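Trainee: Sequence and computational prediction follow.
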Amino acid sequence: MSKDTLNITDNRTGKSYEIPIQNGNIRAMDLRQIKVTDDEFGMMSYDPAFMNTASCKSKITFIDGDKGILRYRGYSIEQLAEKCTYLEVAYMILHGELPTRAQLDDWVWNITHHTMIHESIKTFMDGFRYDAHPMGILVGTVGALSTFYPDAKRVLNQESRKKQIQRLVAKMPTLAAFAYRHSLGLPYVYPDNDLSYTGNFLSMLFKMAETKYRPNPVLENALDVLFILHVDHEQNCSANAMRNVGSSQVDPYSAVAAATAALYGPLHGGANEAVLVMLKEIGSKDRIPEFIKKVKAGEGRLMGFGHRVYKNYDPRARIIKRLAEQVFEVTGMNPMLDMAVELERIALQDDYFVKRKLYPNVDFYSGIIYQAMGFPVDIFPVLFAIPRTSGWMAQWEEMLLDPEQKIARPRQVYVGHGLRDVAPIEKRR
Ligand code: CMC
């Protein structure tokens, strides 16, 4: 009869251990009993970059990387993108269930009425250099919000958490838009409560002298879909930063600043920006083979390709590719798309990429749409951070409410010197 255990024999001692298996996995702590002598620490598993370590149990996002499946709370990303708005999905990711009409109305009203930021944040923003990267400004200003809401430190209080979640989901677009306007030296545009979440964001970004900004409905909807696709992606680098930093029970604004910083890197949310830079550098279709050759020789990466979890086409990239057609009908074709499609075609036929299961990820096409919609390249990661905030908050709250979680504190394998004496300075070499 099969048993849900794993037998381990330590050949150093000949001792055997029976380790329980739960949900197909063993607990790393069950390895600690394996030791040669009583006074040693006990065995750990060594796993740099968490390649095979689950850091939590989660009910939020399911990914099957081999099959290219992504679901939030059991709903497929394809259905959510087709049938819901971003705020509906944000509610669902945070509350576990899709909202009823009344719940949605209440949620949308609350988010809409928390979009303003304190005037001092504007002054704070003015302190950044004229050419500051909007993502750097976002990291700084979202962290600074913690000083405006001292009640946020009561992270174990449900009412306080609810309030901060609403504030963060509501204020991230305002911070992001103000960061963008600052980088252009343009006056800030205050939120417009008549508009949708994405419509208002577009207004805060692009409104000039007109009395009322009216977003193009196709672009407003496209941005809403893009936001849905970016809500959550289970234990990625920034979600892990959110949980890790949040596990110290710091306020959520400080933890979101850490998550935003993690997202800023070119291997994570900075990749969509890096794709555009790469396409610009390649310059024309005839130079693609030469570029691919360099990538294969280890001179740089094909940005927007490859994923730690997906070993198949990223389902988000598929939706974005379709969305691109609708956007380009309004904006006109982005010549970068032609190059990206050709780059994808060549890479997907090349043994190097096939063998390593490297496919386009979410960032490969998103930047091309963003650019066609008029967003400058350095705001791309900011467009990722806004919708990801709801995912970060869901991960944060799940972590706080999980009785098995504690302050995150990995172990290390020390490989440095043993004890040695401090030599006088004149005798050091
Ligand atoms: N171009 C060329 N080679 C690649 C690429 C790429 N984009 N990605 C992975 N490889 C190669 C890598 O060199 C390695 O080859 P070898 O086995 O010969 O050493 C092999 O594939 C495995 O790569 P890895 O670096 O061990 O894989 P990882 O899981 O640590 O990295 C990744 C995942 C996303 C960081 C990586 O694929 C990458 O750098 N991609 C480009 C950046 C990018 O598009 N990032 C966005 C990710 S999706 C959105 C998000 O998470 O924010």
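Mentor: Here it is on my side, so go on. Numbers count the residues shown, from 1 in each chain.

Trainee: Find the closest residue to the ligand in the protein.
Mentor: Residue nearest to the ligand within the chain: Gly306 (2.4 Å; C-beta to the nearest ligand atom). In short, each C-beta sits where N, CA and C put it, glycine included.

Trainee: Now do the same contact list for that residue.
Mentor: Shown in contact with Gly306 (C-beta atoms under 8 Å, 6 or more residues apart in numbering): 356, 358-359, 361.

Trainee: change it to 6 Å
Mentor: Shown in contact with Gly306 (C-beta atoms under 6 Å, 6 or more residues apart in numbering): Leu358.

Trainee: pretty sure Gly143 contacts Val256?
Mentor: No - the pair Gly143 / Val256 is not scored as a contact, 7.8 Å apart, by C-beta atoms under 6 Å.

Trainee: So for the two, which sits in the more crowded spot?
Mentor: Remark: of Gly143 and Val256, Val256 carries more neighbours, 30 against 18, as counted by other C-beta atoms under 10 Å.

Trainee: Chain neighbours aside, what residue packs nearest to the more buried one?
Mentor: Spatial nearest neighbour of Val256, chain neighbours left out: Val142 (5.3 Å); criterion: C-beta to C-beta, 6 or more residues apart in numbering.

Trainee: tally of neighbours for that neighbour?
Mentor: For Val142, the neighbour count with other C-beta under 10 Å is 28.

Trainee: before we move on, which element is it in?
Mentor: For Val142, the enclosing helix or strand under DSSP states H and E is helix 134-144.

Trainee: what's the answer for Asp194, then?
Mentor: Counting by DSSP H and E, no helix or strand carries Asp194.

Trainee: Tell me who's in contact with it.
Mentor: If a contact means C-beta under 6 Å, 6+ apart, then Asp194 has no contacts.

Trainee: Low-confidence regions, this protein specifically.
Mentor: The chain contains residues with pLDDT under 70 at 1.

Trainee: re earlier: now the residue of the chain closest to the ligand. Its backbone dihedrals?
Mentor: Taking degrees, to the nearest 10, you get phi 90, psi 150 for the backbone angles of Gly306.

Trainee: Equivalent analysis for Ile8, please.
Mentor: phi -120, psi 130.

Trainee: Residue numbers of the chain in contact with the ligand?
Mentor: 236, 267-269, 271, 295, 301-308, 356, 358, 361-363 (C-beta under 6 Å from any ligand atom).

Trainee: please redo it, this time with the cut-off set to 8 Å
Mentor: Within the chain, the residues that sit near the ligand (C-beta under 8 Å from any ligand atom) are 49, 51, 233, 236-238, 263, 266-272, 274-275, 295-296, 298, 300-308, 314, 352-353, 356, 358, 361-364, 384.

Trainee: quick one on the thing from earlier: give the other helices and strands that the helix holding Val142 contacts.
Mentor: If you count contacts as 3 or more C-beta pairs under 6 Å, 6 or more residues apart in numbering; DSSP states H and E, helix 134-144 packs onto helix 158-184, helix 252-264, helix 380-401.

Trainee: residues of the last one that come out buried?
Mentor: Read that as helix 380-401. Neighbour counts using 16 or more other C-beta atoms under 10 Å place 380-400 of helix 380-401 among the buried residues.

Trainee: relative to helix 134-144, how tilted is it?
Mentor: 30 degrees (axes from the mean of the first three to the mean of the last three C-alpha atoms, to 10 degrees).

Trainee: same thing with the first one?
Mentor: Here the directions of helix 158-184 and helix 134-144 differ by 150 degrees (the same axes, to 10 degrees).

Trainee: State the distance from the nearest residue to Thr61 once chain neighbours are set aside to Thr198.
Mentor: Once flanking residues are discounted, Thr61 sits nearest to Glu234: 4.3 Å by C-beta to C-beta, 6+ apart. Glu234 sits 24 Å away from Thr198 when distances are taken as C-beta to C-beta, to the nearest Å.

Trainee: Equivalent analysis for Ala262, please.
Mentor: Ala262 is 24 Å from Thr198, by C-beta to C-beta.

Trainee: Repeat that for Pro150.
Mentor: Pro150 is 31 Å from Thr198, by C-beta to C-beta.

Trainee: ok, those two, which is more surrounded?
Mentor: Neighbour count, other C-beta under 10 Å: between Pro150 and Thr198, Thr198 has more, with 24 against 9.

Trainee: Noted, bye for now.
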